[in-house]
Structures are given as C-alpha cells and as structure tokens.
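Q: Sharing a model that was predicted from the sequence below.
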Amino acid sequence: MARLCPNYEGWGPVSKERPFDFTPCFEDGVLVGGPLAIILLGSVIRTFQLRSAQIQPKNAKTRHWLATKLFASFLCTLLAIVALVLTVFDSAHAVNDEAVYVASLRVLVFPAVALFTRSNHTKTRRSSTLLLLLWPIYICTQILGLRTYLEIHRTLAQPLPATLGALTALTFVALLLECNGPERSQDLEDRENPYVISNVYSRLAYSWMTPLMRTGASRFIKEDDMYELLPDDQSKELGEKLQNYWDKQKNKNSWALWRALAHAYGAPYAFAGFLKVLQDLLAFAQPQLLRLLLAYITAYQTDQSLSRFQGVALTVVMFVAALVQTSILHQYFYLCFLTGMRIRAGLITTVYKKALVLSNDAQGSRGDIVNLMSVDATRMQDLTTYGLIFVSGPFQ
C-alpha cells in the first residue's frame, strides 16, 4: 500500500500538515475511488439484470431526454480521459500511483454509467437510485480533493485540477438530468399511483403526493381523487403471498404463522429496523457534533488562525445529519405502517377464504371468525407500528 502513495503524508487518513484535512492519497484512493468503484460495479450488475427486460414505449420528449443524458456521459468520459492523460504525464505521479488507478477508474465508470442509463431509461419507469445516491457522494469527495489541492499548491489554475473541476461540475449536471426519470406524471394512466415512477428523492420527501395534497387543500378529497393501490399492496396479492408461505409452514410447529408472516411481509420491516438503529445513532451524534462546534468557537475566539473551513464543515455536517435523521425516521414509520397494513389485509383475506370452505359444523361460532378478521388482525397491525422498540430501546 505504501508504494501506491508517493506523497510523504502517506495514507493518513488525517493530515499532520494541514488542520482539519485528509491526506491526498486517502482522498483520492478511498474517498473518491470508493464511490467510483461502487458505481462501476452497481452499473455493470444492473445493466446485466436489465438485459432481458422488455423495452417500454417512450414518447419523443423522453427519448430526447435520454439523448441529453448520454451526451452528458460522453462529455464526462472525454474529460475523464483528459484527466487520466494529465495524471500519467504528471511528473509527481509514478505509473503505479493510486492517482493513476483512480483516474483509470473514472474512464471506466462513465461509459458503464452511459450503458446503464440507456438500459434503465428504456426498460424501467423511474430514475436510478444507485446514481442518485452515489453521484452526490462522489461530487462532495471530489470537491474535498480539490480543496486539499488548493491548500497545498495555493492555486487551481493548473490543467489537472481545472479538468477535475470541470468534470465535477459536469457530473453535477448529470445528476440533475438523472433526477428526471423515464416517465413523468403526465405519462401516467388515469388514477395510476405516481409512486411507481417517483425517484428516491421524491419518495424520501413524499413529493409524489403533492398533487393529491394540493387537491385536498382546495376541496374535499373524493374517492375518485385517490390513487390506485400498488400491485404489491392489493388484498388479492397479499392474501396469495401469505397463503403460499402458510402452506409451507403450517405443519411444522406453533410458530408457523409467525414464520409465514415474516417470509411474506418481513423484508421491509427488517429494513425499517435497520433504519431505526441508524436514526438512533444519528440522534446520538448530534450532541457530539454540537460539542465539537462549541469547542471550535471557543478556540477561534482566542486563536483566529484556525481554519474557518472547520467551522463551516461542522455546521454543514450537523445540518446534513439532522436532515438525514428526519428522512430516515419518516421512512421508518412509513415502512412500519405499510407492513402493518399488509399483515392486516393478508390475514383478513386468508381467514375469509378459509371461512368460505368450512362446513356449517366446522365453522363453530361465526363471531370468532369475525373477531379474527377485525380485532385480532388489527392488533397484529398495531404491533408492527411500535414493535421495533425492542431494537431501539437499548440504545435509548
């Protein structure tokens, strides 16, 4: 690893020469190279997964939008090639330098992203979550690298940093283009749920519900104003899924129903548990960030030679942490309520189907069947709302 980093600061990660900064090798090799490697791997995997999917019909406006995305990827590829050439011929870099590997990785990433964008835009109905989540991380880490270059060389008026700056700006443009998916709300069928075409940012902010909220602000919402249920949330689909897993588990032991429910509806609930743990960790991080900010303010009052970037960075990190914490908490409750709704609908559908095939002698008290479908199924729904407190309870 030491041979890959010719810089005297090494891999760090924290620089001993500059306050509140990382070493150049750590920034290039880990902070920048890490997201690029994930984007490359994810793009190749998703392109391979979509190879057999059918091409969906698109209108002319959508095809023009795809051409714009591909043109931006083409420009990014050209700038990445220029950056690779400048990095190789830079006298400060050896052939086995990590900067050369990262520059080569950039040249591979953007063509792979272009192929993935074409497949995603023509064969799916919404923007790529992979690109929308990882492009901002790459852009931020690349800006940190340019900031370190500015701290060391006191200028960005050099071919290599200027090229990387232009590439970063063009990547931001590609991010904005990716926010517009293959379909828009105008392309939806009558009462079709806009959740199916909303990107990850729209789902986090619930902006896909804006038309419905705007209608509700102007008048009372009617049944015709409501969106259709998603296919995975319809009672027929939920009942069949639970019935399939119940047939596999019913002859095992008394925990068969719980295992059937876990297999049928447990995946989003498990992810909600992960989100809850992450939200609790961010809640604990907020006081620590505030402590660091107050310590910096106190030290800056006596020593104004401290880096102002440190104070700005702490403030930005606190804001981003609070924003992410709020978004995660909302998604946690959404997944909990969604799982509860699915469990209740699946149980009611399964019990009702079973009651239809029972003979009069086997039915017993009809009131017991009604209680199973109304009271007990509702209690199962309520359990999922705050059932994950056993996970976050020890943290709190």
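A: Cool, the structure landed.
Q: Spatially central residue for the chain, please.
A: Nearest residue to the geometric centre of the chain (C-alpha atoms, centre = their mean): residue 133, 5.1 Å.
Q: Would you mind stating the distance between that residue and residue 178?
A: From residue 133 across to residue 178, the span is 11 Å (C-beta to C-beta, to the nearest Å). Any C-beta I mention is one placed from the backbone N, CA and C, and that applies to glycine too.
Q: what do you get for residue 310?
A: 32 Å.
Q: Not counting sequence-adjacent ones, nearest residue to residue 105?
A: Spatial nearest neighbour of residue 105, chain neighbours left out: residue 36 (4.9 Å); criterion: C-beta to C-beta, 6 or more residues apart in numbering.
Q: what's in contact with the helix or strand hosting that neighbour?
A: Using DSSP states H and E, residue 36 sits within helix 33-49. If you take C-beta atoms under 8 Å, 6 or more residues apart in numbering as the criterion, helix 33-49 is touched by 98, 101-102, 105-106, 108-109, 112-113, 115-116, 119-120, 128, 130-131, 134-135, 137-138, 141.
Q: Narrow those residues to those in helices?
A: Of the positions in the contacts of helix 33-49, 98, 101-102, 105-106, 108-109, 112-113, 115-116, 119-120, 130-131, 134-135, 137-138, 141 sit in helices, assigned by DSSP state H.
Q: that older thread, among the contacts of helix 33-49, name the buried ones.
A: Buried members of the contacts of helix 33-49, counted by 16 or more other C-beta atoms under 10 Å: 98, 102, 105-106, 108-109, 112-113, 116, 119-120, 128, 130-131, 134-135, 137-138, 141.
Q: Identify each buried residue in the helix holding residue 36, please.
A: Quick answer for helix 33-49 (16+ other C-beta under 10 Å): 33, 35-36, 38-40, 42-43, 46-47.
Q: got TSV for the residues you listed, with pLDDT and distance to residue 303 too?
A: TSV is the format used below for the buried residues of helix 33-49 (pLDDT from 0 to 100; distance: C-beta to C-beta, whole Å):
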residue	pLDDT	distance to residue 303
33	93	35
35	96	35
36	96	38
38	97	40
39	97	41
40	97	44
42	96	45
43	96	47
46	95	50
47	95	53
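Q: List just the nearest of those to residue 197.
A: residue 46 (17.5 Å; C-beta to C-beta).
Q: what about that closest one, distance to residue 118?
A: 12 Å.
Q: picking that back up, out of residue 310 and residue 178, which sits in the more crowded spot?
A: With neighbours defined as other C-beta atoms under 10 Å, residue 310 and residue 178 compare such that residue 178 has more, 21 against 17.
Q: What's the separation between residue 329 and residue 78?
A: Distance from residue 329 to residue 78, by C-beta to C-beta: 42 Å.
Q: Ok, residue 350 next?
A: Per C-beta to C-beta, residue 350 is found 58 Å from residue 78.
Q: Show me which of those two is the more surrounded one.
A: residue 350 (23 against 14).
Q: which residues touch that one?
A: By C-beta under 8 Å, 6+ apart, the contact list for residue 350 reads 239, 242-243, 246.
Q: run the last query once more with 6 Å
A: Counting by C-beta atoms under 6 Å, 6 or more residues apart in numbering, residue 350 makes contact with 239, 242-243.
Q: same thing with residue 156?
A: residue 150.
Q: That one belongs to a helix?
A: No. Under DSSP: H, G, I helix; E, B strand; the rest coil, residue 156 falls outside any helix and is assigned coil.
Q: Just the pLDDT for it.
A: pLDDT for residue 156: 84.
Q: Show the backbone phi and psi for it.
A: phi -110, psi 10 (degrees, to the nearest 10).
Q: ok, now how distant is it from residue 316?
A: Taken as C-beta to C-beta, the span from residue 156 to residue 316 is 21 Å.
Q: Need the three-state assignment for residue 175.
A: Secondary structure state of residue 175, per three-state DSSP, is helix.
Q: Tell me how many other residues surround it.
A: Residue 175 has 17 neighbouring residues, counting by other C-beta under 10 Å.
Q: which residues does it contact?
A: Per C-beta under 6 Å, 6+ apart, neighbours of residue 175: residue 135.
Q: do the same with residue 137
A: Applying C-beta under 6 Å, 6+ apart to residue 137 gives the contacts residue 35.
Q: which residues of the stretch 1-150 of the chain score low on pLDDT?
A: Applying pLDDT under 70 to the stretch 1-150 of the chain picks out residues 1-2, 91-96.
Q: returning to what we had before: now the helix holding residue 36: how far from the chain's centre is it?
A: Remark: helix 33-49 is offset 14 Å from the chain centroid, using C-alpha atoms, centre = their mean, to the nearest Å.
Q: what angle do the helix or strand following that helix and helix 33-49 make?
A: For helix 33-49, the succeeding helix or strand toward the C-terminus, using DSSP H and E, is helix 60-88. For helix 60-88 against helix 33-49, the angle by axes from the mean of the first three to the mean of the last three C-alpha atoms, to 10 degrees is 140 degrees.
Q: ok, residue 199 to residue 178 distance?
A: With C-beta to C-beta as the criterion, residue 199 and residue 178 are 8 Å apart.
Q: Could you name every residue contacting both of these two?
A: With C-beta under 6 Å, 6+ apart, residue 199 and residue 178 have common neighbours 127, 132.
Q: just to revisit the earlier point, could you dump the helix holding residue 36 to CSV, C-alpha only?
A: The C-alpha coordinates for helix 33-49 follow below in CSV (Å, rounded to 0.1, in the frame of the first residue of the first chain):
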residue,chain,number,x,y,z
GLY,A,33,-12.2,5.8,-5.5
GLY,A,34,-14.6,4.1,-3.2
PRO,A,35,-17.8,5.6,-4.6
LEU,A,36,-16.5,5.3,-8.2
ALA,A,37,-15.9,1.5,-7.7
ILE,A,38,-19.4,1.0,-6.2
ILE,A,39,-20.9,3.0,-9.1
LEU,A,40,-19.0,0.9,-11.7
LEU,A,41,-19.9,-2.4,-10.0
GLY,A,42,-23.5,-1.4,-9.5
SER,A,43,-23.9,-0.2,-13.1
VAL,A,44,-22.5,-3.4,-14.5
ILE,A,45,-24.7,-5.5,-12.3
ARG,A,46,-27.9,-3.6,-13.0
THR,A,47,-27.2,-3.5,-16.8
PHE,A,48,-26.8,-7.3,-16.7
GLN,A,49,-30.0,-7.6,-14.8
